[in-house]
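In: got a predicted model here, sequence first, then my questions.
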Amino acid sequence: MVIDDGILVQLNENRFRSVLDPKILGAWNLHIHSRGLPLDFFVLFSSVASVIGNPGQASYNAANSFLDSFACFRRHQGLPAMAVNWGHLAEVGYLARNESIGERLSEIGIKGMRPELTTRILGRLLRKNPVQMGVVRMDWRQWLKSYGVAGVAPRRFAHLIGTDEEDGQSVQQGPRIRDTILSVPEEEGRGLLEGYLREQAARVLGTSSTKLNSEQPLNELGLDSLMAVELKARIEADMGVAVPTVELMQGPSVSRLTHLFFERLSGEAEKTAAEA
């Protein structure tokens, strides 16, 4: 498995193909050289990333989407094929060698599955022989909180998320802190916004907000493209303001973001008031 994470605007053809080619060319070569063999199974190990998406992994998502479609292509030709969209496989493989990535997946709701469990599941799938099946240990509510767009659940996952039993409200919530920031004097509002941004940045970076220097560029603190996408989703969900990922990747500090977003929020509020 080859992974080269980055938002789409950062990828060039070589980086994109370095991730696509192993899966696409590998599957195609197996297809070509096995067509004359009396195979019972032709199993493609895809990823749940092609089903739910994974911000910052456009090339990896595309490579696995090919495997999903390729399984259908072979079935239409009367050949055996099955694509398994695996989730977080713990203790073995790439994520076992890169524990920090596995920890981040768990934080966003994609929990690890032990090898013995996945082996049993694969056996069941071979008996049932679906063309495609996702296998993931998922906390959908936790995933939505991390990657939901503006707090709204994608429709195809709505039946898996439901409502919040603790407060009886839907998980689809509008921005709240924005209203608080705009309802207090400017100096106090800026302070609230900076505290909020420091807290969100610290959460994404896996550190304490008290240890985060508001004047230091976030990329110097370890913010990468995946973290930037996660931070973008958090801010957009809570603040109701568009946050270009490229803007975060340029390395602004929390103080700089506070200035940018406060001016943006104030401008939108003034525009809304004028239109009313």
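Out: The structure has been received and is ready for your questions. Just so you know, these numbers come straight off a predicted model, no measurement behind them. Residues are numbered from 1 along each chain as shown.
In: helices and strands of the chain: which one bottoms out on pLDDT?
Out: Taking mean pLDDT, DSSP states H and E as the measure, the chain has helix 158-161 as its least confident helix or strand, at a mean of 60.
In: all helices for this structure, in order.
Out: Chain-ordered helices for the chain, with DSSP state H as the definition, fall at 13-34, 49-52, 58-76, 93-97, 99-107, 115-128, 140-147, 158-161, 177-183, 186-205, 225-239, 245-249, 254-275.
In: for those, give me JSON lines that also has distance to Val84.
Out: Placement of C-beta: from N, CA and C, glycine included. Shown next, in JSON lines, are the helices of the chain (distance: least, C-beta to C-beta, whole Å):
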{"stretch": "helix 13-34", "distance to Val84": "13"}
{"stretch": "helix 49-52", "distance to Val84": "11"}
{"stretch": "helix 58-76", "distance to Val84": "9"}
{"stretch": "helix 93-97", "distance to Val84": "14"}
{"stretch": "helix 99-107", "distance to Val84": "17"}
{"stretch": "helix 115-128", "distance to Val84": "6"}
{"stretch": "helix 140-147", "distance to Val84": "20"}
{"stretch": "helix 158-161", "distance to Val84": "19"}
{"stretch": "helix 177-183", "distance to Val84": "41"}
{"stretch": "helix 186-205", "distance to Val84": "30"}
{"stretch": "helix 225-239", "distance to Val84": "24"}
{"stretch": "helix 245-249", "distance to Val84": "30"}
{"stretch": "helix 254-275", "distance to Val84": "41"}
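In: by mean pLDDT, show me the worst of those helices.
Out: Of all these, helix 158-161 carries the lowest average pLDDT, namely a mean of 60.
In: that older thread, with distance to Asn219 and mean neighbour count added, can I get the helices of the chain in TSV?
Out: Below are the helices of the chain laid out as TSV (distance: least, C-beta to C-beta, whole Å; neighbours: other C-beta atoms under 10 Å):
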stretch	distance to Asn219	mean neighbour count
helix 13-34	19	14
helix 49-52	24	21
helix 58-76	20	19
helix 93-97	24	13
helix 99-107	17	15
helix 115-128	36	12
helix 140-147	20	19
helix 158-161	33	13
helix 177-183	25	16
helix 186-205	11	18
helix 225-239	9	21
helix 245-249	7	18
helix 254-275	12	15
